[in-house]
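# Got a predicted model here, sequence first, then my questions.
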Amino acid sequence: MLIASWNVNSLTARLPRVLAWLESSRPDVLLVQETKCANAAFPAEALAGIGYQSAHHGDGRWNGVAIISRVGIAEVVRGLNIPAPTGLPEPRFLSADCGGMRVASVYVPNGREIGHLYFSYKLAWLQELGEVVARDLTKGELVVGGDFNVAPTDQDVFDPQAFTGATHVTVEEREALQTVIAKGLVDLATIGQNPGFTFWDYRQGFFRRGLGMRIDLLLASPVTASRVTKLWVDRQERAGERPSDHAPLVAELE
DNA sequence: ATGGCTAAGATGCTTAGA
């Protein structure tokens, strides 16, 4: 079984690439972030045309998460019970039963700047995610994948010095992430070989220069983690024409 | 010189990403 997570930075802009990748890689489940489309504009038919069922939670210009599966989708849950600083909820969480396990696609708030209202929102959002994870873990196997917007350690950025004063690397964010993991999940990159960076800024040729970050994660229940035979980042998808700024993170399970 | 992309809504800009 293959399960993948990919922040596509607009599913509309990325649809040709996503369809081609699904056809060539044939993952059983793809967890998608930043679809940047409303539910009405979600390309369910195009996905069905190549054998994938899907569920989507999105409301337009920003955010948006999806689950794309060829092993079934049931018991879909949309959203976390926590408002953004605007007072409105944002579509950043989607979970479902796929192929005998619970899967969740998460797009953790960016945080914008340290001390910003959206930074507090990011920490609170992760805390709420932890509560949901704890409940789902009581029911069976669980995989939580997505763009966490946190680099778990200094080894997960190209140069820790370059991130002084920046978000994604602070003690608060890392502790908030570890609180989620401590509910009973395993970061698949911490068992076996580290798959490397998953995000490279569009600017300044960061991808070409190897200046990336590992901020996309696949977290799994211990039994699921024990089934992992391989974990990799499909860096080819960060290259070429009109790429996302993130590459797919893929796990192979026995 | 402290920037440099990219995407999307309504555009010739703004907001957001990270």
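Right, received. Where do you want to start? Numbers count the residues shown, from 1 in each chain, chains lettered A, B, ... in the order given.
# and the residue of the stretch 1-150 of chain A found nearest DNA strand B, what is it in contact with?
Residue nearest to DNA strand B within the stretch 1-150 of chain A: A:S10 (3.3 Å; C-beta to the nearest atom of the strand). (C-beta placed from N, C-alpha, C; glycine too.) When contacts are counted by C-beta atoms under 8 Å, 6 or more residues apart in numbering, A:S10 touches A:E34, A:T35, A:K36, A:C37.
# Is any residue of stretch A:46-55 near DNA strand B?
No. Applying C-beta under 7 Å from any atom of the strand, one finds stretch A:46-55 separated from DNA strand B by no less than 14.6 Å.
# got the buried residues for that stretch?
Of the residues in stretch A:46-55, those buried by neighbour count under the rule 16 or more other C-beta atoms under 10 Å are A:A46, A:L47, A:Y52, A:Q53, A:S54, A:A55.
# So the second one: helix, strand or coil?
When you say that, I think you mean A:L47. What DSSP: H, G, I helix; E, B strand; the rest coil gives for A:L47 is helix.
# That one reaches A:H56, doesn't it?
No. In terms of C-beta atoms under 8 Å, A:L47 does not count as a neighbour of A:H56; the distance is 9.8 Å.
# Could you tell me which residues touch both of the two?
In contact with both A:L47 and A:H56: no residue, using C-beta under 8 Å, 6+ apart.
# what does chain A have sitting close to DNA strand B?
Counting by C-beta under 7 Å from any atom of the strand, chain A sits next to DNA strand B at A:7, A:9-10, A:12-13, A:34, A:36-37, A:60-62, A:109-110, A:112, A:118, A:147, A:149, A:167-168, A:199, A:201-204, A:213, A:215, A:242, A:245-246.
# which among the residues you listed end up buried?
Applying 16+ other C-beta under 10 Å to these flags A:7, A:9, A:34, A:36-37, A:109, A:118, A:147, A:149, A:167-168, A:199, A:213, A:215, A:245-246 as buried.
# Sort out for me which of those are in helices.
With helices taken from DSSP state H, the overlap with those comprises A:Y118.
# Out of the buried ones among the residues of chain A next to DNA strand B, list just those in strands.
A:N7, A:D147, A:F199, A:M213 (DSSP state E).
# Show me what the third one is bridged to.
Pointing back at A:F199 there. A:M213, A:H246 (DSSP bridges).
# pLDDT and distance to A:L80 added to the buried residues of stretch A:46-55, as CSV?
Formatted as CSV, the buried residues of stretch A:46-55 follow (pLDDT from 0 to 100; distance: C-beta to C-beta, whole Å):
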residue, pLDDT, distance to A:L80
A:A46, 97, 28
A:L47, 98, 24
A:Y52, 98, 25
A:Q53, 98, 23
A:S54, 98, 20
A:A55, 98, 16
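# out of those, which one sits closest to A:G72?
Checking these against A:G72 with C-beta to C-beta, the nearest one is A:Q53 at 6.8 Å.
# residues contacting that closest one?
Per C-beta under 8 Å, 6+ apart, neighbours of A:Q53: A:L47, A:I68, A:S69, A:R70, A:G72, A:I73.
# now the helices for the stretch 151-254 of chain A?
Counting by DSSP state H, counting those that start in this stretch, the stretch 151-254 of chain A has these helices, from start to end: A:171-181, A:222-226.
# Mind listing residues that contact the longest one?
With contacts defined as C-beta under 8 Å, 6+ apart, helix A:171-181 is touched by A:111, A:122-123, A:126-127, A:129-130, A:133, A:144, A:148-150, A:152-153, A:167, A:187, A:219.
# How many residues are close by A:Q127?
By the other C-beta atoms under 10 Å criterion, the neighbourhood of A:Q127 contains 14 residues.
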